[in-house]
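Colleague: Turn this into a model:
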Amino acid sequence: MSITDPHPTGFNAEAPLPVVVATGMSGSGLSTAMKCLEDLGYEAVDNLRLSLLQPLVSQSHDRPLVIGIDSRTRDFNAQSLLAEIDRLRARPDLRVRLLFMDAHADTLRRRYTETRRPHPLAADRPVLDGIAHERVIMQPLRDAADEVVDTTYFSIHDARRHLAGLFHLDDGAALRIFVTSFSYRQGVPREADLVFDVRFLDNPHWDPRLRPMSGLDQPVADYVARDPDYADFFSNLTRLLEPLLPRYVREGKHYLTIAIGCTGGRHRSVFITHALAGWLTGLGYKVGEAHRDLDRKEPAAAASAVTPATDQGGTPAREIPKEGA
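Modeller: Just a heads-up that it's a prediction; the model follows:
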């Protein structure tokens, strides 16, 4: 699909015009979001002065709009922007959504350090000072946002995939579901709508033959499936989800992220994620599958330093020596 198509695929010209106001923390991926939505079929207008928002939207448009406004904008004011968005939402011919891009302060600082660019609000001060100041002035927008996308642990590919799920223009599509495995040691995915912990299942990490493998390998899958509690767990999980999914659709939710976690994000969570994605596909849903921490490299010595008692003892993740469970 060309981004210059006057009527992008899936856009119903009779429905209210989709308008996305995109904002967020500097360095969090706002430019990536603008480009992603442009590729989806939106007309993109970046760094728009706040005083021009109403005139722009009032023009005749035959394509959805994504409008970038952030703290760099000359007449930027968070409360004024929220007031302008409320005015737009009062129009029945528009469907207005506020997108806020975000990331941890340490991640934002690292991105600025790597690119050697000054923070727009801290030209002559440490980057963290600018981030802290911007956080204060942007917080009202984050609190009011329809969608908050945290890119702390996202690659560019992850960000584009998540944004495409949230803002696709295929109005006739069923609920789109993204299922990902993850390591609790690396943190719960912030974009997750539903999170399930599978650390209670037998851990293939303690079998030296299975340790180098992943949950996508058949010997690991067979090992996890032999756990006496696996069959009941998976049956109950699917029984829980099946009636929920149509209710999400009925409430207007078009994109759902399910996260499955285990200790190291390599074995149990990967197997369950793959099985769940297959089951959801069998129900007819559009399903994406990923394994966030599967390829994360960890020191080999760390694995030998862990004992099964440590894994089962409830020690906080930051204190557990790294292992690949």
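
Colleague: As a check, name the ranges of all strands in this structure.
Modeller: For the chain, strands defined by DSSP state E occupy the ranges 17-24, 43-45, 65-68, 94-102, 147-150, 176-183, 194-197, 255-262, 286-291.

Colleague: and residue 271, what is it in contact with?
Modeller: By Cβ atoms under 8 Å, 6 or more residues apart in numbering, residue 271 lies in contact with 215, 216, 220, 221, 224, 225. For every residue, glycine as well, the C-beta is placed using N, CA and C.

Colleague: Residue 239 versus the closest residue to the fifth one other than its chain neighbours, what's the distance?
Modeller: In space, residue 224 comes closest to residue 271 once its chain neighbours are excluded; the distance is 4.9 Å by Cβ to Cβ, 6 or more residues apart in numbering. Distance, residue 271 to residue 239, using Cβ to Cβ, to the nearest Å: 19 Å.

Colleague: And the helices in the stretch 51-200 of the chain?
Modeller: 53-58, 78-89, 105-115, 127-144, 156-167 (DSSP state H, counting those that start in this stretch).

Colleague: Quickly compare the ones you listed and say which is most buried.
Modeller: helix 156-167 (a mean of 19; mean count of other Cβ atoms under 10 Å).

Colleague: which stretches of the stretch 201-325 of the chain have low pLDDT?
Modeller: 297-325 (pLDDT under 70).

Colleague: rewinding a little: can you redo the strands of the chain as TSV with mean neighbour count?
Modeller: Below are the strands of the chain laid out as TSV (neighbours: other Cβ atoms under 10 Å):
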stretch	mean neighbour count
strand 17-24	24
strand 43-45	19
strand 65-68	23
strand 94-102	21
strand 147-150	20
strand 176-183	25
strand 194-197	15
strand 255-262	24
strand 286-291	18
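
Colleague: Let me have those strands in a markdown table, extended by distance to residue 55.
Modeller: A markdown table is the format used below for the strands of the chain (distance: least, Cβ to Cβ, whole Å):
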| stretch | distance to residue 55 |
| --- | --- |
| strand 17-24 | 14 |
| strand 43-45 | 11 |
| strand 65-68 | 12 |
| strand 94-102 | 14 |
| strand 147-150 | 25 |
| strand 176-183 | 34 |
| strand 194-197 | 42 |
| strand 255-262 | 31 |
| strand 286-291 | 38 |
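
Colleague: Among these, which comes closest to residue 109?
Modeller: strand 94-102 (13.9 Å; Cβ to Cβ).
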